[in-house]
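**Student:** how would this look folded up:
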Amino acid sequence: MGKVSEYWNDDIETLPPERLHQLHEEALLRQLKYVWENSAFYQQKFRKAGVELGDVERLEHLNRLPFTEKSELRDSQIGSPPLGTHIASPMEKVKRIYSTSGTTGRPTFIGLTEHDINVWCEAACRAFWTCGLRPDSVVPLVVAPFLIAASYADALQKIGMVVPIGVGSTDRLIGAFQHIGANALLSTSSFPLHFADSLTKRRIDPKSLGIKLIMAGGEPGAAIPSLRQEVEETFGCIFLEMMGNGDMCGEMWAECKYKKGMHFIAQGIVYPEIINADTGEVLEIKEGAKGELVYTSLDRECIPLVRFRTRDHVEVTQTSCECGRTGFGIRVFGRTDDMIIVQGVNVYPAAVRDIVASLVPRTTGAIEIQLHASPPKGWDPPIHIKVEYCEESGELDLLKKEVESLIREKLIFRANVELVPPGTLPKFEYKAKLVRKFYDGESE
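**Tutor:** Okay, here's the model as predicted:
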């Protein structure tokens with residue numbers, strides 16, 4: 001086997017800033033023309049905002065367009081199922097539909113044409129290659145087939161070998177390493193140490209599996225030094241972080257072996273902005289800049305999005321790297337809303353509150369989600385949730401089990417519900433504080 005390149009796409013991943021600017025500007029103008037002509041959602045949205053296609057002539061003019069919120073996409077799909085008025089291609093061109101986990105009460109559906117599938121695959125290949133995946137890599141895939149992460153199989157098998165395992169099949173996963181020769185793992189940040197516990201209970205040394213690389217995404221935490229060290233020492237591997245966004249593109253960021261932040265690797269596919277979350281002002285991409293990630297599609301047929309607010313709060317860690325990639329690097333250190341992530345599943349506290357409120361008058365509807373440690377360990381299930389019961393609650397043990405069952409069924413995570421008397425939880429005049437983070441210094 002000859003020398004293997006450092007990059008999946010040499011030209012794109014090492015583009016100098018001036019050429020990247022030109023590439024993105026040309027792609028943006030093509031994409032906006034397509035959106036203007038084909039998306040009823042954006043035709044109405046831009047008309048309401050008083051903007052025309054001609055108002056955007058350069059990349060720097062993008063901030064003249066309004067932001068797109070997740071709630072708008074959800075409402076669009078409820079009003080015009082299955083893919084909403086923001087679909088921009090004929091339905092017969094759609095070849096796949098994935099879904100989000102539906103943690104706000106209803107899943108969001110993500111449609112891809114054949115072209116979109118290929119574009120997503122290209123981005124994921126760049127990301128996996130950046131982390132160190134190579135043709136001799138064998139990767140078990142432990143995801144549900146209906147979720148966005150299932151799309152990663154396209155890229156994994158284009159680079160190396162993929163072994164479909166599925167969710168909750170620990171013995172099959174172990175077998176993939178012991179009998180098939182799997183040597184890499186793609187998982188959430190918290191999974192490796194859970195997996196290590198399962199191995200220990202079976203009297204299997206984690207190092208004996210021969211895992212060389214673990215790539216983590218779906219939740220924050222992989223870049224925490226203490227967690228990274230523990231995982232790497234436990235398995236004798238390298239532990240790297242990556243990130244995508246289901247609405248925009250499965251993978252867009254990936255850490256290289258120098259571990260200085262996740263490189264942007266979706267050049268020509270997505271245009272990222274970092275904004276001041278309070279004012280909407282676009283911030284300069286420079287080391288130390290902090291703000292919210294915003295994405296605009298550059299090469300999407302089915303559901304292109306313009307200035308989509310992710311609510312991911314990031315810091316720019318680097319604008320150059322020894323690896324030669326010119327995509328700037330970031331770390332995600334929080335959310336600009338109060339969403340939490342439980343083993344890769346987005347959990348909106350308001351959705352938990354809505355489930356509890358559906359049981360009124362047996363509950364008051366008041367809740368408090370209590371997090372005692374920072375992610376990812378602090379977000380491991382069962383999540384501790386205080387719920388106020390009422391005098392009409394009946395048998396409390398049955399109520400506790402019912403709330404826990406509803407949360408598991410509808411929001412796809414396990415909770416430990418603590419029932420407390422009415423009036424116990426704080427009351428707020430305006431927006432209720434549904435999450436208490438004790439690791440941030442908040443008191444009981």
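
**Student:** Low-confidence regions, the protein specifically.
**Tutor:** 1-3, 101-106, 145-146, 334-338, 427-432, 441-444 (pLDDT under 70).

**Student:** ok, so what distance separates Arg362 from Glu395?
**Tutor:** Going from Arg362 to Glu395 by C-beta to C-beta, to the nearest Å gives 10 Å. All C-beta spots, glycine's among them, are computed from the backbone N, C-alpha and C.

**Student:** Who has more neighbours out of the two?
**Tutor:** Legend: neighbour count by other C-beta atoms under 10 Å for Arg362 and Glu395, higher for Arg362 (18 against 8).

**Student:** correct me, but that one touches Leu399?
**Tutor:** Yes. Using C-beta atoms under 8 Å, Arg362 is in contact with Leu399, at 5.9 Å.

**Student:** any shared contact partners between those two?
**Tutor:** By C-beta atoms under 8 Å, 6 or more residues apart in numbering, Arg362 and Leu399 have these common neighbours: 389, 393.

**Student:** just checking, what packs against the helix or strand Gly111 falls within?
**Tutor:** Assessed by DSSP states H and E, Gly111 sits inside strand 109-113. Under the contact criterion of 3 or more C-beta pairs under 8 Å, 6 or more residues apart in numbering; DSSP states H and E, strand 109-113 touches strand 94-99.

**Student:** nearest residue to Asn327 other than its sequence neighbours?
**Tutor:** Just so we're on the same page, residue 327 is Gly rather than Asn. Sequence neighbours aside, Phe264 is the residue nearest to Gly327 in space, at 3.7 Å (criterion: C-beta to C-beta, 6 or more residues apart in numbering).

**Student:** for the one you found, phi and psi?
**Tutor:** The phi/psi pair for Phe264 (degrees, to the nearest 10) reads phi -70, psi 120.

**Student:** Break down the protein into its helices, ranges please.
**Tutor:** Assigned by DSSP state H, the chain shows helices spanning 10-13, 17-38, 40-49, 70-79, 114-131, 152-159, 170-175, 191-201, 225-235, 349-357, 396-411.

**Student:** How many residues are close by Glu418?
**Tutor:** Glu418 is flanked by 13 other residues according to other C-beta under 10 Å.

**Student:** Now do the contacts for it.
**Tutor:** By C-beta under 8 Å, 6+ apart, Glu418 lies in contact with 384-387.

**Student:** Now with 10 Å, please.
**Tutor:** Contacts for Glu418 (C-beta atoms under 10 Å, 6 or more residues apart in numbering) come out as 368, 370, 384-387, 400, 424.

**Student:** Same question for Leu193.
**Tutor:** Taking C-beta under 10 Å, 6+ apart, one finds 206, 227, 230-231, 234-235, 376-377, 380 in contact with Leu193.

**Student:** Return a PyMOL selection command for the buried portion of the residues you listed.
**Tutor:** PyMOL command restricting the contacts of Leu193 to the buried ones, with burial defined by 16 or more other C-beta atoms under 10 Å:
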select buried, resi 206+227+231+234+235+376+377
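
**Student:** Switch the contacts of Leu193 over to JSON lines; also include distance to Tyr152.
**Tutor:** Formatted as JSON lines, these follow (distance: C-beta to C-beta, whole Å):
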{"residue": "Pro206", "distance to Tyr152": "23"}
{"residue": "Leu227", "distance to Tyr152": "22"}
{"residue": "Glu230", "distance to Tyr152": "25"}
{"residue": "Val231", "distance to Tyr152": "20"}
{"residue": "Thr234", "distance to Tyr152": "24"}
{"residue": "Phe235", "distance to Tyr152": "20"}
{"residue": "Pro376", "distance to Tyr152": "20"}
{"residue": "Lys377", "distance to Tyr152": "25"}
{"residue": "Asp380", "distance to Tyr152": "23"}
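
**Student:** From the contacts of Leu193, pick the one nearest Ala182.
**Tutor:** Nearest to Ala182 out of the contacts of Leu193 is Phe235 (C-beta to C-beta; 12.4 Å).

**Student:** Angles on the backbone of Gly246, please.
**Tutor:** phi -60, psi -40.
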